[in-house]
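# Below: sequence and its predicted model.
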Amino acid sequence: MADGRMKALAQDLEDEEDMEAEEEEAESDEPDLSLWVGEWQREPPERPHVSVICVRDWDETEEPAETSRESQHKRARVFDSGESSQYAGTPSSNFQFSSDTEMDYMIGFCDDIVERQDEVGEGGIDTNSQDLTGEKVAQAENPNAGNAEQPLPELRMDLTDDLLYLIFSFLGQKDLCRAGAACKQWHMASSHEDFWRSLKFDNIPISLENFVSLCNRYQNVKELNLSGVPRADVLFMEAARYLSRLETLTLGKGHLSDAFFQDLSELPALMNLSICDSALGGGINEATIQHDRLRNLHIVKCRSHRIAVRCPQLLKLSMKRSSMTHVTLHSPQLRELDLSSCHKLSDAAIRAAAVACPKLLSLDTSFCSCVTDETLREISQACTSLSSLDASNCPNISFESVKLSMLVDLKLHSCEGITSASMAAIAQSRLLEALQLDNCSLLTSVSLDLPHLRKISLVHLRRFVELNLRSPVLQYIKVSRCSALQRINIISNSLQKLVLQKQESLVNLSLQCYSLVDVDLSDCESLTNSICDVFSEGGGCPMLRSLVLDNCESLSMVEIRSCSLVNLSLAGCRTMTSLKLSCPSLKKVNLDGCDHLEVANFSPVGLESLNLGICPKLSIVHILAPIMTSLELKGCGVLSEALINCPCLVSLDASFCRQFVDESLSGTVVLCPLIEQLTLSSCLAIGDDGLYSLSCLGRLTLLDLSYTFLINLQPVFDSCSQLKVLKLSACKYLTDSSLDALYKLGALPSLLELDLSYSSIGQSAITELLASCTNLVNVNLNGCTNLHELVCFLPDATSLDDSCPSDSAIVEADMVSWKSERLLEVLNCTGCPNIRKVVIPSGANCLHLSKINLNLSTNLKEVSLTCSNLSILNLSNCTSLEFLKLDCPRLTNLQLPACTMLAEDELEGAILHCSMLESLNIHSCNKMNSEDFERLRAACPSLKRIQSGSLGGT
């Protein structure tokens, strides 16, 4: 079976060899297809390692014999540089391209690769002298292998030419050189003329012989870059006869002789020539560039005494930053001329060069300090179609007598001679679209009426006082750092954004801009209240959506009526005392830093939320907002009158509004029936009448009455039966009887969270509350000085014993309530200074309790907890704690830092029944040391982390 398969394989290979022989005969009449020609001058280096594509022959145990021939069509496998193959060439340990001679090196080396591959097979094996068995192939590759075990035979399968073409199309010239050195097939694929239409040798040395060979081989080259190549002009002149189709030539960083420019005529297709940072011509002689078809010529940062350009078809010429004293132009078709930063060119030379180009459309003479008005006048007369002029940094021009009727783009940046008188000449350019007048220090005013003006820039004009612009198509205006500017008048139908930041002297602003959307007047300190009329209805900005008046400190009364305004910012307007907005579309308003605001009227506005908590002097607020859902008046300490008509309001925060009275609260809840969260913390003026009015709020679930002087909570119990959260923190006038209805009469049956922190509630009331209110989920008793112990969560036994027979029904109800399952999950008793004992037995039915916080309870001595679901227990800084008993199988985190009286034996016994404990903090526990850690881990195997701080254990 194996012999039959090998015969079939041999027959296939013989057929392939016959086909290759026919191809070689067909190619014998054609020129040599090798990529690199010329003789290599040194010994060829060690042959580089290449990837080989092959598939393994099938083992006899894997497939039947009749499928052996199909193995040729399996997916090819590519061996990388670290994988051995019996068809792979001998790998080279250090095959790298030198940065200095990389391209030249590969050009010569590839010839040697091709010669070797012609002598042997394409895979590096002489197939005519070896058998096709796996053993012979391995011996040809590794003759010293002896009788070592040989790998299975492999069949070579080359990638198709189309696939190689696709892959190589993504490679640059350096990578193509590397690929061409791999094998003959890759060499021929990388030699495709499509890959060599653009030759780029940026800063890559290349020998004359190899460069000429390349150009001879690839005569369809259209782009050639020899920038930074030594003796580039010699290379070009020797190979010019092969570059008849060259269209773009780039050179630089060298010297180009007169002979080079003479040979340019041998390139009939040349259209683009770029020369950078080079010396032109021979000494004091004139460098003449002559070509009949050249379209674009760039001579940038070059050095020559005289330059003559004789290119009848030239359209664009740039001599930017070049050093020459005279320029002669014979290019009647020239459209663009750039002479910027040509410091050695005289005024007359620039004038002669420009006047010689009657069809000139664009001229750049920026940084040519010698240019005068006379030159510009003659240019305007000779070049009647000139549409773009850049005369920036030309201090000797005033532009007063220059008339350019076709001018579209004008740049006069940093022209010290430009004054207000220059505007008359500019105004005659009726087609002008873009104007730049930055840093014209003598300019005091600009008054232009140009129908096509679209952009204007006025930056850093120290004496600029007045701006008058009229243009129906004006779209962009930049005015910045004009400290003396006082008056602005703009008329435009297309202007959409206006930025006038930091115009400290601006007093009068008049706008007739019907498409204006965005205005920023930040830090315009001199703007007065009249500016509001500009942005109100009838003020000339009907489409305004965003207005920024930040830090406009002269504004005192702001009144804006606009149907289109969406965003308004008045941050930092510290002198504003009155604000009246009638903006139905207003979605966002910023009043940060408006410390002196006294009266605010928002009627109507489209706000969804409003925060006025930063206005401590606000006394009167009127709000009509149909879609507002959140309102914060926090910190408006003198607010006495509030008319809030927000039918969709859900959250109202009036914290610290100490003068917020019952009348304002009653009116608000009537007009805002959907309120769900109401915060009246520190509202000291709220009384029973205001609390009874809360009955209008059928959806109220959160009520915060912290820091108030309330004594009677009956209005809350009567009017807010649906409450889920009640906060009474720091209500120091509450008594035990204030909560009687809560735990005796079952008031607030939906209550889930109760906060009595820092209140004066006594021990008995707290005990009754925890025993009877089984629906509570979160209870906060932080800082309760009257709390002495938490025991059992059961009602007071004496109260049950002393009950009269007529109260038997109540007693029975109480017993049923404490026996029922409790929903309590979180109990916070932080900072209770007098609590000494906490006991929760299993009979308390606290099946949901998951977190207890007793932090800073300095007199706490005993803690005994039996809670099946408790996961976090915080006893930090309980410095008197001595007895700790825990039966909490789900406890994972136990915090005991600074429990200085707790002994190690007590802690070890406490955690014996905490089978899931993972984290234990005993930082600053003086009675424990690092030797006790092992005992603690033995008592609780689940313990993963012990935080001990100064003890040094983890």
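That came through, no problem.
# how about the strands in the stretch 101-250 of the chain?
154-156, 198-200, 223-227, 248-256 (DSSP state E, counting those that start in this stretch).
# What of the stretch 551-700 of the chain?
Going by DSSP E, counting those that start in this stretch, the stretch 551-700 of the chain shows strands at 557-561, 567-569, 578-583, 588-590, 599-605, 609-611, 620-624, 630-632, 641-645, 651-653, 677-679.
# Would you mind putting these into CSV with distance to Tyr733 alongside?
For every residue, glycine as well, the C-beta is placed using N, CA and C. Formatted as CSV, the strands of the stretch 551-700 of the chain follow (distance: least, CB to CB, whole Å):
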stretch, distance to Tyr733
strand 557-561, 42
strand 567-569, 43
strand 578-583, 37
strand 588-590, 38
strand 599-605, 33
strand 609-611, 31
strand 620-624, 29
strand 630-632, 27
strand 641-645, 25
strand 651-653, 23
strand 677-679, 19
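# The strands of the stretch 101-250 of the chain: which one's closest to Ser191?
Across the strands of the stretch 101-250 of the chain, Ser191 has its closest neighbour in strand 198-200 (13.4 Å, CB to CB).
# Show me what the closest one pairs with in its sheet, parallel or antiparallel.
Sheet pairing of strand 198-200 (DSSP bridges) gives strand 223-227 (parallel).
# picking that back up, is it possible to get JSON lines of the strands of the stretch 551-700 of the chain that adds mean neighbour count?
Shown next, in JSON lines, are those (neighbours: other CB atoms under 10 Å):
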{"stretch": "strand 557-561", "mean neighbour count": "18"}
{"stretch": "strand 567-569", "mean neighbour count": "20"}
{"stretch": "strand 578-583", "mean neighbour count": "20"}
{"stretch": "strand 588-590", "mean neighbour count": "18"}
{"stretch": "strand 599-605", "mean neighbour count": "20"}
{"stretch": "strand 609-611", "mean neighbour count": "18"}
{"stretch": "strand 620-624", "mean neighbour count": "19"}
{"stretch": "strand 630-632", "mean neighbour count": "20"}
{"stretch": "strand 641-645", "mean neighbour count": "20"}
{"stretch": "strand 651-653", "mean neighbour count": "20"}
{"stretch": "strand 677-679", "mean neighbour count": "21"}
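# could those strands go into JSON lines alongside mean pLDDT and distance to Pro833?
As requested, the strands of the stretch 551-700 of the chain are arranged in JSON lines below (pLDDT from 0 to 100; distance: least, CB to CB, whole Å):
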{"stretch": "strand 557-561", "mean pLDDT": "95", "distance to Pro833": "52"}
{"stretch": "strand 567-569", "mean pLDDT": "96", "distance to Pro833": "48"}
{"stretch": "strand 578-583", "mean pLDDT": "96", "distance to Pro833": "48"}
{"stretch": "strand 588-590", "mean pLDDT": "94", "distance to Pro833": "44"}
{"stretch": "strand 599-605", "mean pLDDT": "94", "distance to Pro833": "44"}
{"stretch": "strand 609-611", "mean pLDDT": "92", "distance to Pro833": "37"}
{"stretch": "strand 620-624", "mean pLDDT": "95", "distance to Pro833": "41"}
{"stretch": "strand 630-632", "mean pLDDT": "94", "distance to Pro833": "34"}
{"stretch": "strand 641-645", "mean pLDDT": "93", "distance to Pro833": "40"}
{"stretch": "strand 651-653", "mean pLDDT": "95", "distance to Pro833": "31"}
{"stretch": "strand 677-679", "mean pLDDT": "96", "distance to Pro833": "28"}
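# Any idea which of those gets closest to Tyr165?
It's strand 567-569; of the strands of the stretch 551-700 of the chain, that one is closest to Tyr165 (CB to CB) at 57.2 Å.
# just how off-centre is the closest one within its chain?
Offset of strand 567-569 from its chain centre (CA atoms, centre = their mean, to the nearest Å): 25 Å.
# Likewise for stretch 910-918?
48 Å.
# tell me which residues in it are buried?
Ala910, Ile911, His913, Cys914, Leu917 (16 or more other CB atoms under 10 Å).
# Just the ones of those in helices?
For the buried residues of stretch 910-918, the ones inside helices are Ala910, with DSSP state H as the criterion.
# Now flag whichever of the buried residues of stretch 910-918 is closest to Gln486.
So of these, ranked by how close each gets to Gln486 (CB to CB), first place is Leu917, at 75.5 Å.
# per-residue pLDDT, that closest one?
pLDDT recorded at Leu917 is 93.
# To Leu166, which of the strands of the stretch 101-250 of the chain lies closest?
strand 198-200 (18.4 Å).
# Quick one: distance of that closest one to the chain centre.
With CA atoms, centre = their mean, you get 37 Å for strand 198-200.
# Stretch 212-230 too?
43 Å.
# Outside of that stretch itself, list whatever touches it.
35-38, 107, 191, 193, 196-206, 232, 235-236, 238-239, 242-254, 269, 276 (CB atoms under 8 Å, 6 or more residues apart in numbering).
# mind listing the helices for the stretch 651-800 of the chain?
662-671, 688-692, 714-719, 740-743, 763-772, 797-801 (DSSP state H, counting those that start in this stretch).
# Which elements pack onto the fourth one?
Right, the one you point to is helix 740-743. The helices and strands touching helix 740-743, judged by 3 or more CB pairs under 8 Å, 6 or more residues apart in numbering; DSSP states H and E, are helix 714-719, helix 763-772.
# First-to-last residue distance for stretch 734-747?
17 Å (CA to CA, to the nearest Å).
# buried ones in it?
Buried residues in stretch 734-747 (16+ other CB under 10 Å): Leu734, Asp736, Ser738, Leu739, Asp740, Ala741, Leu742, Tyr743, Ala747.
# Would you mind checking which of these the model is least sure about?
Comparing the buried residues of stretch 734-747 by pLDDT, Tyr743 comes last, at 84.
# mind checking how far that residue is from Asn780?
16 Å (CB to CB, to the nearest Å).
# Equivalent analysis for Leu547, please.
Applying CB to CB to Leu547 and Asn780 gives a distance of 45 Å.
# again with Gly417
77 Å.
# Likewise for Lys222?
81 Å.
# Kindly report the same for Ala179.
75 Å.
# neighbour-wise, which of the two wins?
Each of Ala179 and Asn780 has its neighbours counted (other CB atoms under 10 Å); Asn780 has more, 22 against 19.
# pLDDT value on Pro31, please?
35.
# Next, the contact list for the residue nearest to Ala730 when sequence neighbours are not counted, please.
Nearest residue to Ala730, sequence neighbours excluded (CB to CB, 6 or more residues apart in numbering): Tyr758, at 4.4 Å. By CB under 8 Å, 6+ apart, the residues touching Tyr758 are Ser729, Ala730, Lys732, Asn782, Gly783, Cys784.
# In those residues, find the pair that's most separated.
Lys732 and Asn782 (14.1 Å).
# the more surrounded of the two?
Neighbour count, other CB under 10 Å: between Lys732 and Asn782, Asn782 has more, with 19 against 11.
# residues contacting that one?
Per CB under 8 Å, 6+ apart, neighbours of Asn782: Ser757, Tyr758, Asn828, Cys829, Thr830, Gly831, Cys832.
# Same question for Arg351.
Glu374, Thr375, Glu378, Ile379.
# among those, which ones are buried?
Members of those classed as buried by 16+ other CB under 10 Å are Thr375, Ile379.
# Just give me the closest of the contacts of Arg351 to Leu389.
When the contacts of Arg351 are compared against Leu389 (criterion: CB to CB), the nearest one is Ile379, at 8.5 Å.
# In a helix, that closest one, correct?
Yes. Under DSSP: H, G, I helix; E, B strand; the rest coil, Ile379 falls within a helix.
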